[in-house]
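>>> here is my input, please return the structure:
(chains A and B)
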Amino acid sequence: MIRAQGISKTFNAGRPNEFRALQDVSVELPFGRTTILKGPSGSGKTTLLGIIGCMARPTTGRIYLGEREITSLPERFLTGIRRQTFGFIFQQFNLIKGLTVLENVMIPAYPLGEKHGLLRQRALDTLELFDLGRKAGAKVDWLSGGEAQRVAIARALINDPLVVIADEPTAHLDSRLSTEFMAIMRRLKGEGKTIILASHDPIVYDSDLGDLLIEMRDGRIVRGGERP
Amino acid sequence: MAANLERQRHIVDFTVASLLRRKGKNGALLAVYTVIVFLLASVIFFTHALKQEAARVLKDGPEIIVQRTLMGRYSPIPRSYADDIREIGGVQSVRPRLWGYYYDGSFLANYTLMVPDEAPPPGEIVLGSGISRLREAFPGDIVGFTGFDGRPQSYRVQGLLPEESQLVAADLILLAESDYRQLSGIPADQATDLVLTVRNRKELATIAEKIVKLHPDTRPIIRSEILRTYDALFSWRSGVVTVLFTIAALAFVIFAWDKATGLSAEERKEIGVLKAVGWESSDVLLLKFWEGLLVSLTAFLLGTALAYLHVFAGTFWLFAPVLKGWSTLYPEFRLTPFIHFGQLEVIFLLTVVPYIVTTIVPSWRVATIDPDMVLR
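The predicted model follows:
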């Protein structure tokens, strides 16, 4: 279980543009389940995802991964956890332009020092799962929106993470591609992955994929719990 | 260990792919950088090779040259001085020399005239290749000069001096003593200067002192002083070029600094993505290190190789007029390739190291920020 306890996050503290993105948020996300964070823009979903995924530290509060408190870990250890435990799918996909599909998928595994041949094969296998094998050598600049997102998913999965985190994954997709994305998530859930999605798209938060639905507003959780 | 090597390999692969996707920008940077290294290396190689050449030539030169001065200016020396100096203890031999300069008004060139030990017979001369080229005079041809009294003198070219001695002999004319005196007007009892050999080098200074005591109107010049003068001359000339180079280098520094420090929004975002997907700050810095090293090392190797060809195979056409002198008769010679490890070290320290530093330092700030910036 991932447990966030009394999390607050303040940006630009002490400056005129100080902004409190999260205020005393506590939440428990069980492993193997799918959690959906719902709420309008500026409600704090992305900030909470970032803190849970070890991308940022909270101003106050603690995060537990299983029984381990990870908030106070040095950057190096936090990076290790981020790399091994979490796979991120960003709203803007954040693929690195000018590089090929295969190179983009391999990037998260580079610091691990795996043998190049093995890593390449693993990346190709992952791409095949998303029907992108024939696009492996293509530059990501030329991909369609749906293809780019599938590459982003493949990249998130390359280190076989325990948890897949997606921030507004359908924001740039039409309804057909959004439904396709949800199908992929369903598949991953079936494989035992823990999935955390943040979205204000009904295709996401109304789907039967989510086991937990947490509604946020103004940096606080306003409603949350097991779905019926 | 193996994992670390693979990690390095992956990051180098990524660096190369990263550099290749901005071909235009990085290509332009590499070209400018290579030119800077080329200029710096050319000057360093050439100056050192020239000093070596001069030292090699002077190695067999006389240990002391005695000139006569009149009110501080050079004046021919009476041959009788040679007999007096020969009597000084420690002096092995004294030989009067006849040599001088000749200005050829029709070709606007200065020649050096010299009477060697084994001089050609009267009426014949041996020419340096520079003069031969300039006047299109070859063995068997008749060459005319104007004597000190305005009367024309003509000589048959007996032969040409070998090419390898071009540095010192391009403008040289060897002729018989009688011809030299007729051309220059120097009286029979006088010489241009005296050259001495001594038994013990440690006594050079003492002997020089004794010569001045014996003939206060003379000026003994010790070989090490000549070498020092050459060194100073070439260092000064290379200094002139270095000043020009510094201006160019400064422009490059501004260019590189701008490129390296001003990480574009795209580059900042990429670093954020790398961190978000699991790269540590040290991985990002390693990437930047490889990037800096690849660009600067390529420029260093290319620039140095081009400079080597320019100096030792291409006759240093770019800077020759400044560094070799201002004579019309530039020697056309190939310098003996001479590269000292220290020179490469200097070029490396002046070019590669600053670039890597300017590449890494700005990335340090970006590499240590929280990766959640890419979420926004």
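>>> may I have stretch A:99-106 as CSV, with CA atoms only?
Extracted C-alpha coordinates of stretch A:99-106, given in CSV (Å, rounded to 0.1, in the frame of the first residue of the first chain):
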residue,chain,number,x,y,z
LEU,A,99,15.2,10.3,-31.2
THR,A,100,13.6,7.1,-32.4
VAL,A,101,10.7,5.3,-30.8
LEU,A,102,13.1,2.5,-29.6
GLU,A,103,15.5,5.0,-28.1
ASN,A,104,12.8,6.8,-26.2
VAL,A,105,11.5,3.5,-24.8
MET,A,106,15.0,2.5,-23.7
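>>> is chain B contacted by it?
Yes: among the residues of stretch A:99-106, A:L99, A:E103, A:M106 lie within reach of chain B under CB under 8 Å from any CB of the partner chain. (Glycine included, C-beta is placed from N, CA and C.)
>>> count of neighbours near the first one?
In terms of burial, A:L99 registers 21 neighbours under the definition other CB atoms under 10 Å in any protein chain shown.
>>> wait, doesn't A:I158 sit right on A:T126?
Yes: using CB atoms under 8 Å as the test, A:I158 is close enough to A:T126 to be in contact (5.9 Å).
>>> identify the contacts common to these two.
The contact sets of A:I158 and A:T126 overlap at A:V105 (CB atoms under 8 Å, 6 or more residues apart in numbering or on different chains).
>>> got the residues of chain B near chain A?
B:2-7, B:9-11, B:13-14, B:17-18, B:20-22, B:266, B:269-270, B:273-283, B:368, B:370-372, B:374-376.
>>> which of these are buried?
For the residues of chain B next to chain A, a neighbour count by 16 or more other CB atoms under 10 Å in any protein chain shown gives the buried set as B:6-7, B:10-11, B:14, B:18, B:269-270, B:273-281, B:283, B:370-372, B:374-375.
>>> now the residue nearest to the spatial centre of chain A: how far from A:I81?
Geometric centre of chain A, nearest residue: A:I165, 1.9 Å, by CA atoms, centre = their mean. Distance from A:I165 to A:I81, counting by CB to CB, to the nearest Å: 13 Å.
>>> likewise A:T100?
28 Å.
>>> can you pull out the strands in chain A?
Secondary structure of chain A (DSSP state E): strands located at A:2-11, A:19-29, A:34-38, A:60-65, A:68-69, A:86-89, A:163-167, A:194-199, A:212-217, A:220-226.
>>> among the ones you listed, which gets the worst mean confidence?
Looking at the strands of chain A, the lowest mean pLDDT belongs to strand A:220-226 (a mean of 79).
>>> in the stretch 151-300 of chain B, what residue lies closest to chain A?
B:G278 (2.9 Å; CB to the nearest CB).
>>> is that residue in a helix, a strand, or coil?
Classification of B:G278 using DSSP: H, G, I helix; E, B strand; the rest coil returns coil.
>>> what parts of chain A come near chain B?
Counting by CB under 8 Å from any CB, chain A sits next to chain B at A:46-47, A:49-50, A:55-57, A:75-76, A:79, A:82-84, A:88, A:90-91, A:94, A:96-99, A:103, A:106-116, A:119, A:155, A:159, A:167.
>>> what subset of the residues you listed is buried?
Using 16+ other CB under 10 Å, the buried ones in these are A:46-47, A:49-50, A:55-57, A:79, A:82-83, A:88, A:90-91, A:94, A:96, A:98-99, A:103, A:106-114, A:119, A:155, A:159, A:167.
>>> among these, which ones are in helices?
Among those, DSSP state H puts A:T46, A:T47, A:L49, A:G50, A:T79, A:R82, A:R83, A:E103, A:M106, A:L119, A:R155 in helices.
>>> give the burial count for B:A305, as a bare number.
Counted with other CB under 10 Å, residues neighbouring B:A305 total 14.
>>> give me the phi and psi for it.
Per-residue torsions, B:A305: phi -60, psi -40 (degrees, to the nearest 10).
>>> cool, B:G150 as well?
Main-chain dihedrals, B:G150, degrees, to the nearest 10: phi 90, psi 0.
>>> quick check: the gap between it and chain A.
78 Å (CB to the nearest CB, to the nearest Å).
>>> confidence score at that residue?
90.
>>> neighbours of it, how many?
Per other CB under 10 Å, the neighbour tally for B:G150 reads 6.
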